[in-house]
Each structure stands twice: as structure tokens, then as C-alpha cells.
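[1] 3D model of this:
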Amino acid sequence: MKIFKFFQYAYLFFAALFIYVAVQKYIDAEIIDYLSLLLAATAIFMFFFRKKFNTRFEDRDRK
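    Modelled structure (predicted):
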């Protein structure tokens, strides 16, 4: 059960990584990297989705 909480925060790490890559490409070549921004947005969405899912799963176990 604890490993699910770890992976939940791994999504935030990857979102930060993708945002960093997009900003670096924009600074270096003034190219907007839409793929990295899309992956960052997806990772942030997955973080909140998994967080909500994990709380529902824990609440179900308590009953």
C-alpha cells in the first residue's frame, strides 16, 4: 500500500522534469516543446487522479 503513495509523487517529479525540459528548449532555441508540456500536464492530472483514487481505496478498506 505504501508503494502506491510513492508512485503518486513520482508523477509530480516527472511533471517537473518535463516542464524543465520544455523551458530549457525554449531558452536555448526559442522552440515551444508542446510534447513535453503535454506530458507534464498529463503527469499532473495523473497525480491528482491517483491521489483521489488512493483515498477512495483506503476509505473502502476502513469500512
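[2] which stretch of helix or strand covers Asp28?
    According to DSSP states H and E, Asp28 maps onto helix 2-29.
[3] Quick one: list the elements packing against that helix.
    Applying 3 or more CB pairs under 8 Å, 6 or more residues apart in numbering; DSSP states H and E, one finds that helix 2-29 makes contact with helix 34-62. Quick note: C-beta positions are derived from backbone N, CA and C, even for glycine.
[4] Pull out the buried residues from the helix holding Asp28.
    By neighbour count on 16 or more other CB atoms under 10 Å, the buried set for helix 2-29 is 8, 11, 14-15, 18-19, 21-22.
[5] Could you do stretch 47-63 as well?
    Across stretch 47-63, burial judged by 16+ other CB under 10 Å covers 47, 50.
[6] State the mean pLDDT of that stretch.
    Mean pLDDT, stretch 47-63: 80.
[7] Please enumerate residues in contact with it?
    Contact with stretch 47-63 is made by 1, 4-5, 7-9, 11-12, 15, as judged by CB atoms under 8 Å, 6 or more residues apart in numbering.
[8] Closest one of those to Asp28?
    Using CB to CB, Ala15 comes nearest to Asp28 of those, at 20.6 Å.
[9] Need the nearest residue in space to that closest one, chain neighbours excluded.
    Nearest residue to Ala15 in three dimensions, chain neighbours excluded: Ala43, at 3.8 Å (CB to CB, 6 or more residues apart in numbering).
[10] And for that neighbour, the neighbour number?
    As a burial measure, Ala43 scores 19 neighbours (other CB atoms under 10 Å).
[11] hang on, isn't it packed against Gln8?
    No. Contact criterion CB atoms under 8 Å: Ala43 and Gln8 do not qualify, at 11.0 Å.
[12] follow-up on the earlier one: quick one: the helix holding Asp28 to chain centroid distance?
    Put simply, helix 2-29 sits 7 Å off its chain's centre (CA atoms, centre = their mean, to the nearest Å).
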